[in-house]
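S.K.: Pasted the sequence and its predicted model underneath.
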Amino acid sequence: MEIYSNVGTFETPTITFDLEGGTLEIIGRSIPENPIEFYHPLFDALEKYEKLSKASTSVNIKLEYYNSSSSKVILDMLKKLEHIHESGNHVTINWFYEEADENMLLAGEDYKLIIKLPFKMIKLVE
């Protein structure tokens with residue numbers, strides 16, 4: 001089983017990507033000093049994953065906060081997933097947000113408008 005994982009810190013999310021099972025999870029805060037450098041290994045894993053031609057992919061994003069520089073990298077990641085989807089792999093984005101966190105709800109809705117992927121908004125009740 002091939003899994004890319006990164007244990008989160010106060011500034012970086014926990015990332016778990018099961019390349020064989022087709023599940024990607026990003027959980028926590030994303031405020032790294034250099035988001036391009038931090039997310040680079042994930043983009044490498046996505047490149048590798050694209051060649052595996054899986055039937056479906058589930059992406060679970062549970063961020064409590066991210067900064068503007070992470071926002072651009074997240075958009076780039078979603079665009080890469082959109083490309084994988086267009087290549088025949090069914091990709092679903094599950095965007096989780098806390099019931100009281102209107103900013104994360106709006107952020108997910110913004111991405112949903114930009115990215116042409118099945119995008120589920122999932123409210124976490126406190």
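M.R.: Arrived safely, thanks for sending. Numbers count the residues shown, from 1 in each chain.
S.K.: Can you list the residue ranges for helices in the protein?
M.R.: Counting by DSSP state H, the segments of the chain that form helices are 35-50, 68-86, 102-114.
S.K.: Need the contact partners of the shortest one.
M.R.: What it means is helix 102-114. The contact list for helix 102-114 (Cβ atoms under 8 Å, 6 or more residues apart in numbering) reads 61, 63-66, 71, 74-75, 78, 93, 95, 97-98, 119, 121, 123. Just so you know, the C-beta spots here come from the backbone N, C-alpha and C atoms, and that holds for glycine as well.
S.K.: could you redo the last one with a cut-off of 7 Å?
M.R.: L63, L75, L78, W95, Y97, E98, F119, M121 (Cβ atoms under 7 Å, 6 or more residues apart in numbering).
S.K.: how near is L105 to I84?
M.R.: 25 Å (Cβ to Cβ, to the nearest Å).
S.K.: now do G21
M.R.: 15 Å.
S.K.: The two: who's more crowded?
M.R.: I84 (21 against 13; other Cβ atoms under 10 Å).
S.K.: That one reaches E50, doesn't it?
M.R.: Yes: taking Cβ atoms under 7 Å as the definition, I84 is a contact partner of E50 at 5.2 Å.
S.K.: List the contacts of E11.
M.R.: R29, I31, P32.
S.K.: Next one: the first one from H40, what distance?
M.R.: Taking Cβ to Cβ as the measure, R29 and H40 are separated by 18 Å.
S.K.: neighbour-wise, which of these two wins?
M.R.: R29 (18 against 12).
S.K.: Check the more buried one and give its pLDDT.
M.R.: Model confidence at R29, given as pLDDT, is 96.
S.K.: For it, which residues count as its bridge partners?
M.R.: In this entry, R29 is beta-bridged to Y65, by DSSP bridges.
S.K.: what residues are up against it?
M.R.: Neighbours of R29 in contact, by Cβ under 7 Å, 6+ apart: F10, E11, P13, L63, E64, Y65, Y66.
S.K.: Quick check: chain neighbours aside, which residue is closest to the first one?
M.R.: Just to be clear, that refers to F10. Spatial nearest neighbour of F10, chain neighbours left out: R29 (6.7 Å); criterion: Cβ to Cβ, 6 or more residues apart in numbering.
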